[in-house]
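Colleague: have a look; sequence and predicted model below, questions after that.
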Amino acid sequence: MFGLFAKSRPFKIRSLEDNKKYGVAAKDVKELLKKGCKLLKVPPLGAHVCLYADGTEVTEKYFATLPDNTELVLLRKQQAWGGAVCDIAHLLGSDQYAMGLIEAAKGLLHDEKSAKRRKILTDLLHNLEDRSELESRVEDKEWFIGVEARFKTKSAYLKSNCENRIRSYMKDLDEATKAVQKTKVREECVQASKSLSHMLKCDKYNGCYFDRSSKEKDRICTKEGWFTCQGSFDQPKCAWLHSINPYSSRESRIMFSTWNLDHRIEKKRTIVPALMDALQNHKSEDINLTYFYRLLFTCDNLKLVHIVCHKKEAHNLQCEPKKIFKADNRKHHSKKIRLK
């Protein structure tokens, strides 16, 4: 009875396949579907209407509560709409809209006063104005500003950056070795340090981790150069979904330097002391140096983390005593290694 006297009201409707919106006047859902299907050439059987904003299906009862000019999506049978976020995903996933998004974001950013929205727009622009497909110094001169002339490609620079980070992990071991008072023990520590350094050199200081041109199994980035934060030492993944592509721009390259390769089992507090303790009464040849190498220099124990996810508190994780000595010598070393 209510529908007989209801006045037609204006709505904006579009299909799932087309972003173009059309004005439609209807007094109920039945009329809206009839007009919408004819206008958008959608088969009437199974057709239904949802709110563009959040995907809520429009029933007759809900229709009466909608304000004029509500944006709607007309769906075919078995089609679904998850809300405006679907449009965002569609836009970001297609290069054809990139320039339009850049211009729109710049325009909005110019007058935007909300700090949160400014941050969102800035991050959007930062990621859209991407030159990661360019690799050489000749192609992207701006990226190489401040980078030594010997580096001709982005991959070469980031590989070297990774090598320097991992090479620096030897410093704590060298300092601990110098502090050893007993000559014989210090000699064993020096020998262990040399062996680890040789292993590291053979693996080219694991610079492949940051090199997008390396094999997929060796690098920790995508072939395009994207790195994802692996979360703090005590978490399985990053709750903030931090990601960065240092290959995309000079700013990203500089920002990436604040990301850390964090030791889950700590280098200075745990790994080095455990090795030093093991060498107090045993020769370096009896020590499972491969185990210590993996803890110090590989992704078996390293996690790439955004500075926000880098917790500097004590990790309270220990080396595994059963792995400290070589398997064939373990039976001769029943003495427990105490970790400080």
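Modeller: Good, I have the coordinates.

Colleague: just want to check the distance between the residue nearest the centre of the chain and L304.
Modeller: In the chain, the centroid-proximal residue (Cα atoms, centre = their mean) is T228; its distance is 1.9 Å. Taking Cβ to Cβ, to the nearest Å as the measure, T228 falls 8 Å from L304. To be clear about C-beta, it is placed using only N, CA and C from the backbone, and glycine gets the same treatment.

Colleague: how about W226?
Modeller: Using Cβ to Cβ, one obtains 12 Å as the distance from W226 to L304.

Colleague: go on, R76?
Modeller: Per Cβ to Cβ, R76 is found 44 Å from L304.

Colleague: out of those two, which sits in the more crowded spot?
Modeller: Taking neighbours as other Cβ atoms under 10 Å, R76 and L304 compare with L304 leading, 24 against 17.

Colleague: so the more buried one sits in a strand?
Modeller: Yes. Counting by DSSP: H, G, I helix; E, B strand; the rest coil, L304 falls inside a strand.

Colleague: for it, which non-adjacent residue is spatially closest?
Modeller: Take L304 and drop its neighbours on the chain: the residue closest to it by Cβ to Cβ, 6 or more residues apart in numbering is Q230, 5.4 Å away.

Colleague: which strands or helices does the lengthiest helix in the chain pack on?
Modeller: Using DSSP state H to assign secondary structure, the helix with the most residues in the chain is helix 183-202. Helices and strands touching helix 183-202, by 3 or more Cβ pairs under 8 Å, 6 or more residues apart in numbering; DSSP states H and E, are helix 170-178, helix 289-297.

Colleague: list of residues touching whatever helix or strand comes next after that helix?
Modeller: Next along the chain after helix 183-202, taking DSSP states H and E as the criterion, comes strand 227-228. Strand 227-228 is contacted by residues 210, 220-221, 238, 241-246, 256, 259, 304 when judged by Cβ atoms under 8 Å, 6 or more residues apart in numbering.

Colleague: hmm, try it at 6 Å
Modeller: 221, 243-244 (Cβ atoms under 6 Å, 6 or more residues apart in numbering).

Colleague: can you list the strands that that strand pairs with?
Modeller: According to DSSP bridges, strand 227-228 has the following sheet partners: strand 243-244 (antiparallel).

Colleague: how distant is the strand it pairs with from the center of its chain?
Modeller: Here strand 243-244 is found 5 Å from its chain centre; the criterion is Cα atoms, centre = their mean, to the nearest Å.

Colleague: any idea of the mean pLDDT for it?
Modeller: The predicted model assigns strand 243-244 a mean pLDDT of 90.

Colleague: strands of the stretch 51-200 of the chain, start to end?
Modeller: Secondary structure of the stretch 51-200 of the chain (DSSP state E, counting those that start in this stretch): strands at 70-75.

Colleague: one step back: so the residue nearest to L304 touches K303, yeah?
Modeller: Yes. Q230 is in contact with K303 according to Cβ atoms under 6 Å; the separation is 4.3 Å.

Colleague: related to what we said a few turns ago, the residue nearest to L304: what secondary structure?
Modeller: In terms of secondary structure, Q230 is coil; the call rests on three-state DSSP.

Colleague: same question for the one 5 residues further on.
Modeller: When the structure is reduced to helix, strand and coil (three-state DSSP), Q235 reads as coil.

Colleague: can you pull the contacts of the closest residue to it other than its chain neighbours?
Modeller: Among residues not flanking Q235 along the chain, C309 sits closest, at 7.7 Å (Cβ to Cβ, 6+ apart). Contact partners of C309, counting by Cβ under 6 Å, 6+ apart, are 229, 231-232, 238.

Colleague: can you pick the most crowded of those residues?
Modeller: Neighbour tally across these (other Cβ under 10 Å): the maximum, 23 neighbours, falls on C229.

Colleague: phi, psi of that residue?
Modeller: C229 adopts backbone torsions of phi -60, psi 130, taken as degrees, to the nearest 10.

Colleague: could you chop this structure up by domain?
Modeller: For the chain, the domain assignment from automatic domain parsing gives the residue ranges 2-87, 94-128, 154-332.

Colleague: nearest approach to D140 belongs to which of those domains?
Modeller: Closest approach to D140 among the domains of the chain is made by domain 154-332 (7.5 Å; Cβ to Cβ).
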